[in-house]
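> need the 3D shape of this:
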Amino acid sequence: MGVVLTASRSVMNTLAYEFSTAQRRTLDRYTNFLGSLHPTFNNIPVVFERRRANGHQLAVLASDSRLNNASFNARYLQEFWQRTEGARRLCSAYVADLDTFTAETLEITRNTSRNEPLSQVDFKLYSLSSSPTWKLFPPTDVTDLVHELALRFSSLRAAIRQLKYTIAEIHDESFGLKSVFVRAMDHRSCQCHTQPAVVEELFLEARTTPVWDFAWSSTDPLVRAAEYKADIAALFGGVASISSQISVFLEETGLRIDTVFYELLRAERVTKLGELNFQLAATKEGADEFMSMINHLEIWLRK
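The predicted model follows:
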């Protein structure tokens, strides 16, 4: 059973850590795309009026509320690294608290005995007892200190859930945005003809051409319009894949924080130093794993 669990965990870690430079570039390009949507859509009425001025019947594109959050989502993605970095710093601080507490418990055990009752241990021997802030109340014994550590790791779960919620929201709204974008680009540019479509008309003049980072294969506006549509379609697919992967990654990170949290809750129930040492040692693997994972995500986002 142990071998199966180890193998399973190894496979999970391999899959979870496969964030690439290309994926980072895709996330950046999608952020830029979200920021460009409103300027691009603002040019659609210009296209319609240009066609009308050339003798065509004026077309109208109905507004769609799914476009409203594009700018907000662009900002969420721009700020996602700072949010992740904030969560990483919090994780690092609490893991350091746990490491120090574990080392001090071992030291106290060496100076006393494995069978020393926790009720007889002076909680002020621990560095944590001097903390300027507490999640609930100042401790009065060693068990209270362990409970404080558990509460700190519980707060990490909330931080990770918030990151996951942000990515899930952007992922879900991307499907609606894709529909809005495709419908608008394929819309007729006048009422009297089915062609050219809006996207083709946008590329006919520099003032309405969408601002987009792409290595165009031609100066022909029709070719560029087709390449623009194809590239954005591929971008939506790439972002859906990345956001799903980040969500799974954050879920796995949260599970490791849960493990540490529940191990600390169990540690609250022990009565002797030897038992506390054993229980604290059980938290180390989970703490090291989620710290490594959040470091990995933050470094990838920082590129």
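> which residue is most remote from the mean position of the chain?
residue 55 (49.8 Å; CA atoms, centre = their mean).
> packing partners for the helix or strand that contains residue 144?
According to DSSP states H and E, residue 144 maps onto helix 142-186. Here helix 142-186 touches helix 21-42, helix 70-111, helix 198-202, helix 221-267, helix 273-302, going by 3 or more CB pairs under 8 Å, 6 or more residues apart in numbering; DSSP states H and E. Yep, even glycine has a C-beta here, placed from its N, CA and C like the rest.
> 7 Å - rerun?
Helix 142-186 is packed against helix 70-111, helix 198-202, helix 221-267, with contacts defined by 3 or more CB pairs under 7 Å, 6 or more residues apart in numbering; DSSP states H and E.
> then the shortest one to PDB, C-alphas only?
Spelled out, it's helix 198-202. The C-alpha trace of helix 198-202 is given here as PDB (Å, rounded to 0.1, in the frame of the first residue of the first chain):
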ATOM      1  CA  VAL A 198     -16.700  42.700 -38.900                       C
ATOM      2  CA  VAL A 199     -13.300  41.200 -38.300                       C
ATOM      3  CA  GLU A 200     -12.300  41.700 -41.900                       C
ATOM      4  CA  GLU A 201     -13.600  45.300 -41.900                       C
ATOM      5  CA  LEU A 202     -11.700  46.100 -38.700                       C
END
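> now do that helix: which elements does it pack against?
Applying 3+ CB pairs under 7 Å, 6+ apart, one finds that helix 198-202 contacts helix 44-53, helix 142-186, helix 221-267.
> relative to residue 129, how far out is the nearest residue to residue 121 once chain neighbours are set aside?
Closest residue to residue 121 apart from its sequence neighbours, by CB to CB, 6 or more residues apart in numbering: residue 142 at 5.2 Å. As defined by CB to CB, to the nearest Å, residue 142 lies at a distance of 9 Å from residue 129.
> between those two, who's got more neighbours?
Using other CB atoms under 10 Å, the more surrounded residue of residue 142 and residue 129 is residue 142, with 28 against 17.
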